[in-house]
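> only geometry, no sequence info:
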DNA sequence: TGCTATAAGCACGCTGGCGTACAGAGCCTT
DNA sequence: AAGGCTCTGTACGCCAGCGTGCTTATAGCA
């Protein structure tokens, strides 16, 4: 299996690239490069985790689905993190759905290998726990943001976060899709997006959103964006 | 210091009581019983953690404060958990404020002792991580609940959660206090509380709320309450 | 080239929660 | 017993976001 990653480096994922040489060598044979396609469901809520995933150029949404089918995003995982923290935290199943929100590459690792290395208790464990702490901050901030800020502000935040993870200024997503992330109606997104477009921050047509002016977006977003970003860099360097 | 806990048992806190004998003996000398008074601030956001706390008859709110001063609760810690997870997760400071929401007893332990035992990687670590996973579920659910449910439903949920942690049917808290937890206006709480009172679920006067009919409350609450409760018992037995 | 499915625009009434302002009610102090 | 402070009740206009229903544009496919 290690031959499959010849020519690929692990640098794309910040957790993997921060590993000390010995851990790096131990994990290397267990890492398998894969391709995530947009909209792919990585984990279903309550499902078992055969693998954990380290995104490099892709990113993955952590979603919560209500009984009535309405959904909301609670966190976003990109190259700074790993999908499947519940595994090493000791929950046997994932509490939420995980869905690919930006297609691209990732590494996957069998759950058993992940657990083995985690239990060694070294730098790998330390990195994973710090990352989990950062994710908790993200989720907490989302809780408060959902309570206190407008759709328009939350859309700005969401666009900025996504833009940070994507390698491009053109995001592929419909208003419908975004509405499921923000937990609002599709029309609500349309109205908010239109205003951002009128203000020259973005432009869009049928599922293609162009980020035109990040500065203006930053000017318009609620404090939550920066708080999460700062905490991320504090914890993950 | 171990003499201070003669006559006290650690059973009150479920994490401590689940410890295997050897870990129990190691930790025992480091545990110090304390009394939490209502409204006491355990951690300030961004502050250092000299101690971590294991509530027994008390419970503690994890709060997030916005720049403009508005607050919202993201989680609630009682006898099933520990206040200060950021310590062993590897963040040097707490990302949020922690405030005593129900006065009573708890054990505290110096950060260094906590970290030493955590790093042994045994059952204690395992318990703490599972608890953290349960807390993450609670925070996530709060995020979604904040987005999708009414003040009245959220008040029911909050009353039920608090009632579970308190040992009594009489909760000591004003509408003002609750409004800071739910992240709404005081008037909003008054209106919702009045309706619950009219329906015979609770009664209250000046800072004393009596839980009259849990069944009715359960009938009125959103799904979020049960989801968190189920996940808690799944993870923490 | 035209058809069809999907994405986005728009309109209308409704309601939950907000901001604000003030009035009564219970408790504590002096 | 009086006065003051804190807690709760209520009211009013306002607006964001919802639910619903329908129209218009665009892209991809036949």
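Ah, there it is. For clarity, every value in this text was computed on a predicted model and none was experimentally measured.
> ok, which stretches of chain A are strands?
A:32-36, A:41-43, A:51-55, A:59-65, A:71-77, A:97-102, A:104-110, A:170-172, A:202-205, A:208-211 (DSSP state E).
> In TSV, list those strands along with distance to DNA strand D.
All C-beta atoms are positioned from the backbone trio N, CA, C, and that covers glycine. Shown next, in TSV, are those (distance: least, CB to the nearest atom of the strand, whole Å):
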stretch	distance to DNA strand D
strand A:32-36	20
strand A:41-43	22
strand A:51-55	25
strand A:59-65	15
strand A:71-77	10
strand A:97-102	18
strand A:104-110	19
strand A:170-172	11
strand A:202-205	6
strand A:208-211	8
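> Return the residues of chain A in contact with chain B.
A:64, A:66-67, A:70, A:72, A:74-75, A:86, A:88-91, A:95-96, A:119, A:121, A:126, A:129-130, A:132-133, A:135-137, A:139-144, A:146-148, A:183, A:223, A:231, A:234-235 (CB under 8 Å from any CB of the partner chain).
> Please check the residues you listed and keep the buried ones.
A:64, A:66, A:70, A:72, A:74-75, A:86, A:88-91, A:95-96, A:129-130, A:132-133, A:135-137, A:139-144, A:146-148, A:183, A:223, A:231, A:234-235 (16 or more other CB atoms under 10 Å in any protein chain shown).
> Name the residues of chain A found near DNA strand C, please.
A:174, A:175, A:176, A:186, A:187, A:190, A:193, A:194, A:204, A:205, A:206, A:207 (CB under 7 Å from any atom of the strand).
> List only buried entries from those.
Buried among the residues of chain A next to DNA strand C (16+ other CB under 10 Å): A:174, A:175, A:190, A:193, A:204.
> which one of those residues sits closest to chain B?
residue A:175 (17.5 Å; CB to the nearest CB).
> Spit out the contact partners of the residue nearest to that closest one when sequence neighbours are not counted.
Distance criterion CB to CB, 6 or more residues apart in numbering or on different chains; nearest residue to residue A:175, sequence neighbours excluded, is residue A:189 at 4.2 Å. Residues near residue A:189 by CB atoms under 8 Å, 6 or more residues apart in numbering or on different chains: A:151, A:155, A:175, A:176, A:178, A:179, A:182.
> quick one: which two of those residues are the most distant?
Farthest-apart pair in those is A:151 and A:176; separation 14.5 Å (CB to CB).
> just to revisit the earlier point, got a ChimeraX select line for the buried ones in the contacts of residue A:189?
In ChimeraX syntax, the buried subset of these is picked out as below (16+ other CB under 10 Å):
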select /A:151,155,175,178,179,182
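> what about whichever helix in chain A runs longest, near DNA strand D?
In chain A, with assignment by DSSP state H, the single longest helix is helix A:123-148. No. In terms of CB under 7 Å from any atom of the strand, no part of helix A:123-148 sits within range of DNA strand D; the closest distance is 10.0 Å.
> Give me the residue ranges of chain A where confidence is low.
A:1-10 (pLDDT under 70).
> Distance from the longest helix of chain A to the middle of the chain?
11 Å (CA atoms, centre = their mean, to the nearest Å).
> same deal with stretch A:103-116?
With CA atoms, centre = their mean, you get 15 Å for stretch A:103-116.
> Ok, stretch A:34-48 next?
That offset, for stretch A:34-48, works out to 12 Å (CA atoms, centre = their mean).
> How about residues contacting it?
By CB under 8 Å, 6+ apart, stretch A:34-48 touches A:49, A:53, A:55, A:58, A:60, A:64-65, A:83-84, A:92-108, A:172.
> How much space separates residue A:18 from residue A:102?
Residue A:18 sits 22 Å away from residue A:102, going by CB to CB, to the nearest Å.
> Residue A:178 now?
Counting by CB to CB - residue A:178 and residue A:102 are separated by 13 Å.
> What's opposite the residue nearest the centre of chain A in the beta bridge?
Residue closest to the mean C-alpha point of chain A, counted by CA atoms, centre = their mean, is residue A:77 at 1.9 Å. Residue A:77 has these beta-bridge partners by DSSP bridges: residue A:60.
> Is it correct that it is in contact with residue A:59?
Yes. Between residue A:77 and residue A:59 there is a contact under CB atoms under 8 Å: 6.4 Å.
> ok, now which ones touch residue A:110?
A:30, A:50, A:51.
> With residue A:139 instead?
A:74, A:75, B:136, B:139, B:140, B:143.
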